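> generate a structure from the sequence data that follows.
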Amino acid sequence: MGTTSPSASPTESESSKTGRPKIALPADLSYSFEWTKSGDQVKDAILADAEQSIKAVDLAIVNQDALDKAYLYYYEGEAAAGTQKFIQNYVDQKAGITGRYRFYAPEVAVGEDGTASFTYCEDQGRAYVKYLETNKVRRTEVSAQSYVIYHTSLKKNGEGVWEIQKIASQSGSAKCRP
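Predicted coordinates:
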């Protein structure tokens, strides 16, 4: 069906490409990216950068740093500003994340002008908030709201990184539900 990338203790993402941030996440986070390589070099680069951008946001939450350099490497403009607010909400609540995240149903479209759009689904059914002061995990029941669709606009920067310029999400997406 796709590739699965379970976390090790701690997980390290591929940062072998020059200048890319090293993303090491705790063992209580695991990821399944069910998007296989398309054989199209540009689309595969977008999928790879998208995977790292997702993990980079989670790293910022783990680090409790709304200006973490790893996610800012992959986010620009409006998307960076919105993501900063998203991360800051966790910081303000002294909350982290734990559990399993599953990403699937990727759709990539590449424009001739150096831009792209990328839509994908996330299953948050086994992903939870963890309060850092008490180490208490807020477990939630799987519901329609556990399935989120993301729509992103990307642009390739001068270093060859597909940066997310805009991002929108919708919980409870019928398209993403099993």
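> alpha carbons only for contacts and neighbour counts from here, please
OK.
> Gly160 versus Ser30, what's the distance?
From Ser30 across to Gly160, the span is 27 Å (CA to CA, to the nearest Å).
> these two: which has the busier surroundings?
Neighbour count, other CA atoms under 10 Å: between Ser30 and Gly160, Ser30 has more, with 20 against 9.
> wasn't that one part of a strand?
Yes: assignment of Ser30 by DSSP: H, G, I helix; E, B strand; the rest coil places it within a strand.
> show me what it bridges to in the sheet.
When assigned by DSSP bridges, Ser30 has beta-bridge partners Arg100.
> would you confirm that it contacts Arg100?
Yes: the pair Ser30 / Arg100 is scored as a contact, 4.7 Å apart, by CA atoms under 8 Å.
> other SSEs contacting the longest helix along the chain?
Ranked by residue count and defined by DSSP state H, the top helix of the chain is helix 41-63. Applying 3 or more CA pairs under 8 Å, 6 or more residues apart in numbering; DSSP states H and E, one finds that helix 41-63 contacts strand 24-25, helix 69-74, helix 77-92, strand 95-110, strand 162-171.
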